[in-house]
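**Student:** My questions are about this predicted structure, shown below with the sequence.
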Amino acid sequence: MTAKKELAVAALQNGTVIDHIPSSVLFDAVKILGIEKLNTHVTIGNNLNSKKLGQKGIIKVADVEFPEATLNRIALIAPSAVVNIIRDFEVVEKHQVQLPDTIVGIVKCGNPKCITNNEPMKTRFEVVDRENVTIRCHYCGHSVTNKEAQID
Amino acid sequence: MNSNSLVSISDISKEEILHLLENARYFEENPNHKILDGKVVATLFFEPSTRTRLSFETAVNRLGGRVIGFSDASTTSSSKGETLKDTIKMVSNYVDLIVMRHYLEGAARYATEVTDTPIINAGDGAHQHPTQTMLDLYSIYKTQGTLDNLTITMVGDLKYGRTVHSLLMAMQYFNPTFNFVACDELKMPAEYKEFCDQKGIKYTEHKDFSEEVINSSDIIYMTRVQRERFTDIMEYEKVKNLYNLHNAMLDNSKDNLRILHPLPRVTEIDQDVDDNPKAYYFQQAQNGLYARQAIICRALNIDIKEVQKS
């Protein structure tokens, strides 16, 4: 008998699968989506082979469908991520995440003199360049690309 | 959030800029006007800035309003750890307008989000200082009779100088030609050159503060080159005197040329320039009073035309 080479994870009956997350940001994505706080079945896989990305991460969450705005929060770090919504073992919806115009409370501003690093408040960034994924702090004007952005 | 707040010069349109300049001119002719009778203005200076604070307080006093505030945060509750939000909310209970200066960037924008009282940003760290920009615009407008089609030479620290950045942004409506004169370490950041490219604004960059550049200028905007901006002190020693202006350099300059400087100056403008009629930096500071009177009236929704009629 030959060993199966697939990942042994049970198919979801209902829930959400987020696929094609770059391995390097998988756990940031977990954090942004608040997955630690869920009590349903969660399967997280990382460093899986991917034709598109080389290595990828995947998150499977049973019985939860996230609001679109929540899913789009990971677009900053994982613009390639694909969301699959599963109902009764069928993929009923599949789409790539979309970068919103403003990003509230995920990214820490890189400017130590920015008010957001000195007051108990949420950060707020505006997307100024979608192609290079560059965001600018609404308060101090400091710009960063998604690769440099620190996730709070 | 109060829509009459002024945090950044980019918050206001060309029409509003021109309207403020007209009103500044009115206040220059009529500086004393009891139109703020019964109004209280707070000047919250979390970072000391005597010049700016006195200018604002004079503006309020000449308009007949009253001022409360502080000139140094170490004497306030923020030294006990009070948040900016709480300080602003508390002061909002007492006053009609808050003028604030803060050492943190973005502080004024945040303040507008926690109160309905109008906020005027009197400088937030290295970020924005829109009333300085308005007084610069008023000084240019007054000395040239127009803001349109002027050649403006910016000299010195073009990298960190917030005044040159804000002036550049504000001039976008008026078809300027810029000369940027600076050493490599302090040259105009790429984002502002891209801004010029996007808006079709003509500019050239120079390392030499040459006669040719000076003689083509309608306005020379000088700034201070600060030693602490340099990573390499040798580099500072090399360039520190390259961007100094002496009277003899102005011999063949245009008659309408005026020299501006946000002050304080150190050595970048030699004292021998002070008596040249083209030196305008002291009057420029005085124009701050009128520009701020106009901005205060805007913040409080006071229509100067109505005032003129009465």
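**Tutor:** That came through fine.
**Student:** Please identify the nearest residue in space to whichever residue of chain A sits closest to chain B, excluding sequence neighbours.
**Tutor:** For chain A and chain B, the shortest gap (C-beta to the nearest C-beta) falls at residue A:139, measuring 2.6 Å. Quick note: C-beta positions are derived from backbone N, CA and C, even for glycine. Leaving aside its sequence neighbours, residue A:139 sits nearest to residue B:106 (C-beta to C-beta, 6 or more residues apart in numbering or on different chains; 2.6 Å).
**Student:** Tell me which residues of the helix or strand containing residue A:70 come out buried.
**Tutor:** For residue A:70, the enclosing helix or strand under DSSP states H and E is helix A:68-72. Residues A:71, A:72 are the ones in helix A:68-72 that count as buried (16 or more other C-beta atoms under 10 Å in any protein chain shown).
**Student:** List the contacts of the residue of chain A closest to chain B.
**Tutor:** A:109, A:114, A:115, A:116, A:123, A:124, B:105, B:106, B:107, B:109, B:110 (C-beta atoms under 8 Å, 6 or more residues apart in numbering or on different chains).
**Student:** ok, of those residues, which one's closest to residue B:270?
**Tutor:** Within these, the smallest distance to residue B:270 is 33.1 Å, found for residue B:105 (C-beta to C-beta).
**Student:** Quick check: the gap between the closest one and chain A.
**Tutor:** Distance of residue B:105 to chain A, given as C-beta to the nearest C-beta, to the nearest Å: 4 Å.
**Student:** Okay, and the beta partners of that residue?
**Tutor:** Residue B:105 has these beta-bridge partners by DSSP bridges: residue A:114.
**Student:** got it, and residue A:136?
**Tutor:** Counting by DSSP bridges, the residues bridging with residue A:136 are residue A:126, residue A:143.
**Student:** For burial, what's the neighbour tally of it?
**Tutor:** Per other C-beta atoms under 10 Å in any protein chain shown, the neighbour tally for residue A:136 reads 18.
**Student:** Remind me which helix or strand the closest residue to chain A within the stretch 151-300 of chain B belongs to.
**Tutor:** Going by C-beta to the nearest C-beta, chain A is nearest to residue B:191 of the stretch 151-300 of chain B, at 7.5 Å. Assigned by DSSP H and E, residue B:191 belongs to helix B:190-199.
**Student:** Likewise for residue B:26?
**Tutor:** Assigned by DSSP H and E, residue B:26 belongs to helix B:14-29.
**Student:** Counting by contacts, list what that helix packs against.
**Tutor:** Helices and strands touching helix B:14-29, by 3 or more C-beta pairs under 8 Å, 6 or more residues apart in numbering or on different chains; DSSP states H and E, are helix B:130-144, helix B:281-299, helix B:304-309.
**Student:** Deepest in the core, which of those helices is it.
**Tutor:** Highest mean neighbour count of the helices and strands packed on helix B:14-29: helix B:130-144, a mean of 24 (counted as mean count of other C-beta atoms under 10 Å in any protein chain shown).
**Student:** I'd like the next helix or strand past that one.
**Tutor:** strand B:151-155.
**Student:** Near chain B, which residues of chain A are found?
**Tutor:** Counting by C-beta under 8 Å from any C-beta of the partner chain, chain A comes close to chain B at A:111, A:113-116, A:118-121, A:137-143.
**Student:** From these, list the buried ones, please.
**Tutor:** By neighbour count, with 16+ other C-beta under 10 Å, these hold A:111, A:113-116, A:118-119, A:121, A:137-143 as buried.
**Student:** And the helix holding residue B:26, how far out from the chain middle?
**Tutor:** 15 Å (C-alpha atoms, centre = their mean, to the nearest Å).
**Student:** tell me the average confidence for that helix?
**Tutor:** Computed over helix B:14-29, the mean pLDDT rounds to 96.
**Student:** Which parts of the stretch 51-200 of chain B are helices?
**Tutor:** Along the stretch 51-200 of chain B, counting by DSSP state H, counting those that start in this stretch, helices occupy B:84-92, B:107-114, B:130-144, B:162-170, B:190-199.
**Student:** for chain A, that is, sorry about that
**Tutor:** Remark: helices assigned in chain A by DSSP state H are A:26-33, A:68-72.
**Student:** closest one to residue B:231 among the ones you listed?
**Tutor:** helix A:26-33 (32.2 Å).
**Student:** Would you mind pulling the contact partners of that closest one?
**Tutor:** Counting by C-beta under 8 Å, 6+ apart, A:18, A:21, A:36, A:44, A:46, A:57, A:59, A:66, A:70-71, A:73-74, A:77-78, A:81, A:106, A:151 sit against helix A:26-33.
**Student:** Write the ChimeraX selection for whichever of these are buried.
**Tutor:** Command for ChimeraX, covering only those of the contacts of helix A:26-33 found buried under the criterion 16+ other C-beta under 10 Å:
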select /A:18,21,44,57,59,66,71,73,74,77,78,81,106
